[in-house]
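S.K.: sequence first, predicted model second:
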Amino acid sequence: MGAKVAVIGAGYVGLTTAACLSSLGHKVVCADVDQEKVDALRRGEATIREPGICELVVDGLASRRLEFVLGASAAAAGADIVILCVPTPMGATGAADLRALESVVTELRELLPPGCVVVNKSTVPVGTAARVAGLIDRADVAVVSNPEFLREGFAVHDFLNPDRIVVGSSDRDPAPARRVAELYGKLDTAVLVTDSASAEMIKYASNCYLATRLSFVNTVAELCEYLDASIDDVTAGMGYDGRIGDAFLRPGPGWGGSCLPKDTFALLRTAESAGSDFALLRAAIETNVKQQELVVGKVRKAVGGDLAGARIGLLGLTFKAGTDDLRDSPALAVARRLAAEGAELSGYDPSVHAPVAGVTDDVRITGTAYHAANGAAAIVLLTEWPEFRDLDWARIADRLGGSSVIDTRNLLDPPTVTRTGLAYQGIGRPDSAGTPLSRTADMVGQVG
Ligand SMILES: NC(=O)C1=CN([C@@H]2O[C@H](COP(=O)(O)OP(=O)(O)OC[C@H]3O[C@@H](n4cnc5c(N)ncnc54)[C@H](O)[C@@H]3O)[C@@H](O)[C@H]2O)C=CC1
Ligand SMILES: O=C(O)[C@H]1O[C@H](OP(=O)(O)OP(=O)(O)OC[C@H]2O[C@@H](n3ccc(=O)[nH]c3=O)[C@H](O)[C@@H]2O)[C@H](O)[C@@H](O)[C@@H]1O
């Protein structure tokens with residue numbers, strides 16, 4: 001029989017956790033403080049853009065294994081396991097802001113049923129499980145760390161097909177950790193049971209490694225431009241090495257999103273507090289800022305050196321393709337820098353249909369990519385939405401006032417663009433058509 005689970009927070013992680021656990025046979029009550037969100041979810045409407053989530057919510061409601069309530073207190077009664085999925089954003093110092101987490105824990109401490117397990121699924125600094133246990137201060141309630149590794153845009157897939165489940169428990173009693181691991185019993189994956197501090201560290205180390213890897217790749221791409229090498233072929237060649245692997249090697253306008261930026265800063269602060277200088281991580285963060293400047297430099301150069309009054313079209317605003325999430329988007333960071341130099345920006349994103357106050361203020365949102373190109377001196381592709389590959393570049397060329405296309409995701413086929421008379425620049429790619437981009441791939445094809 002499934003467990004009785006309360007999930008606190010119905011965002012990307014909370015809603016995915018609630019919907020997926022109910023699909024695995026558990027009885028789940030999911031709480032949020034946002035009345036509109038709770039109402040929409042009760043009607044079976046997905047509140048996040050994630051493939052498969054809507055179907056799971058509808059199935060969960062129909063089977064009565066999934067319920068949505070307003071406020072954490074309403075979810076806790078009768079729960080065997082309470083999973084905390086509230087935000088842990090970057091605080092003023094760069095450290096994780098734990099106020100939402102602490103307020104939920106304080107709200108719930110008296111209400112938790114005896115014998116229940118509180119699970120930290122939010123990304124929290126090392127030591128937080130111990131801190132939460134201290135706040136709850138009850139011998140009959142255990143606290144377990146169970147970090148989440150899902151990616152936005154693949155949330156349901158990643159939750160149901162995880163590379164690993166990590167469960168951390170400082171309790172001398174292994175039973176609470178086992179109960180949490182059993183939630184995922186139907187999934188065929190590695191389960192690592194460890195202490196809480198290690199579990200918390202695994203999450204930060206993973207995200208910070210990914211961020212560092214991207215800063216490394218972006219730097220290699222920059223070097224490729226100086227040396228007339230092709231980053232496409234370089235990363236392809238690196239990726240054949242099983243120790244390196246071919247995932248997460250695409251250069252771009254810098255990494256962003258709701259987690260990598262805040263988690264890199266948070267680990268840096270954690271290291272500082274521990275008296276350790278994590279110079280490599282600091283360099284990864286600095287390199288990421290430099291990457292945005294590098295993109296701005298390419299645009300500045302494309303318009304003749306002065307961005308003041310230059311009209312620039314932007315393709316893509318979200319932090320990556322496949323999501324509607326604009327949090328810490330490198331596309332918007334680049335837009336902010338361009339606007340600060342006086343550029344007038346029009347932008348199109350398939351998942352952004354209206355301006356978002358305080359977020360997209362630098363950009364006039366357009367309904368199509370072609371409208372974003374109207375009269376622009378240059379067009380800058382910032383998010384790798386696949387549909388941008390299929391644009392009619394002759395039509396874009398007709399609409400542009402200038403002739404520059406800057407592809408910060410190396411998404412486009414350069415000859416397709418340059419054939420229309422436009423000038424193409426990627427990241428770490430030879431600048432024009434007739435490049436050796438596919439030469440190596442062809443050779444590999446012939447040999448193998
Ligand atoms: N977004 C992602 O891809 C991943 C996020 N994480 C971590 O998971 C945590 C949550 O992140 P997201 O789901 O992205 O955040 P989110 O912002 O999408 O969702 C958080 C939800 O919690 C609700 N909430 C806030 N205070 C509450 C309270 N007192 N009671 C009940 N609900 C409350 C908010 O209204 C919101 O709906 C963070 O620590 C994040 O670092 C971990 C892995 C992946
Ligand atoms: O803790 C989290 O929230 C999550 O953060 C990331 O997931 P996500 O934020 O959804 O985004 P990623 O797919 O990792 O991309 C992050 C950024 O790196 C960029 N990126 C990614 C891959 C790549 O090859 N090149 C590249 O520039 C993306 O465009 C994006 O801006 C991690 O991949 C998840 O494992 C983790 O659970």
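M.R.: Cool, the structure landed. Ligands and ions are numbered 1, 2, ... in the order given.
S.K.: make it CA atoms for all contacts and neighbour counts henceforth
M.R.: Noted.
S.K.: how about the closest residue to residue 50 other than its chain neighbours, what does it touch?
M.R.: In this structure, residue 50 finds its nearest non-sequential neighbour in residue 153, 5.4 Å apart by CA to CA, 6 or more residues apart in numbering. For residue 153, the contacting residues are 49, 50, 51, 321, 322, 323, by CA atoms under 8 Å, 6 or more residues apart in numbering.
S.K.: farthest pair in the residues you listed?
M.R.: 51 and 321 (12.9 Å; CA to CA).
S.K.: residue nearest the centroid of the chain?
M.R.: Compute the mean C-alpha point of the chain, and by CA atoms, centre = their mean the closest residue is residue 257, 4.2 Å away.
S.K.: surely it is in contact with residue 324?
M.R.: No. Contact criterion CA atoms under 8 Å: residue 257 and residue 324 do not qualify, at 10.7 Å.
S.K.: can stretch 100-112 be said to contact ligand 1?
M.R.: Yes. Judged by CA under 6 Å from any ligand atom, stretch 100-112 comes into contact with ligand 1 at 100, 104.
S.K.: so what touches that stretch?
M.R.: By CA under 8 Å, 6+ apart, the residues outside stretch 100-112 that reach it are 72-73, 76-77, 79, 84, 86-88, 132, 135-136, 141.
S.K.: try stretch 79-94
M.R.: Contacting residues not belonging to stretch 79-94 are listed as 3-11, 13-14, 76, 96-101, 112-113, 115-124, 180, 262-263, 265-266, 269 [CA under 8 Å, 6+ apart].
S.K.: so which bits of that stretch are buried?
M.R.: By 16 or more other CA atoms under 10 Å, the buried positions in stretch 79-94 come out as 79-90, 94.
S.K.: hmm, back to that, isn't there a helix covering the residue nearest to the centre of the chain?
M.R.: No. In this structure, residue 257 is coil, not part of a helix, as judged by DSSP: H, G, I helix; E, B strand; the rest coil.
S.K.: which residues touch it?
M.R.: 319, 320, 325, 326, 327, 328, 329, 330.
S.K.: buried only: go through the residues you listed for me.
M.R.: Buried subset of these (neighbour count, 16+ other CA under 10 Å): 319, 320, 325, 326, 328, 329, 330.
S.K.: returning to that earlier point: out of the contacts of stretch 100-112, which are inside strands?
M.R.: The strands, defined by DSSP state E, take in residue 84 from these.
S.K.: farthest pair within the contacts of stretch 100-112?
M.R.: Farthest pair in the contacts of stretch 100-112 (CA to CA) is 77 and 88. Separation: 24.4 Å.
S.K.: returning to that earlier point: for the closest residue to the residue nearest to the centre of the chain other than its chain neighbours, phi and psi?
M.R.: Using CA to CA, 6+ apart and skipping residues adjacent in sequence, the residue nearest residue 257 is residue 328, 4.9 Å away. The phi and psi torsions at residue 328 (degrees, to the nearest 10) take the values phi 50, psi 40.
S.K.: got it, and residue 213?
M.R.: With angles defined as degrees, to the nearest 10, residue 213 shows backbone torsions of phi -60, psi -40.
S.K.: quick check: the residue nearest to residue 50 is in a strand.
M.R.: No. Read with three-state DSSP, residue 153 is coil and lies in no strand.
S.K.: that'll do, ta.
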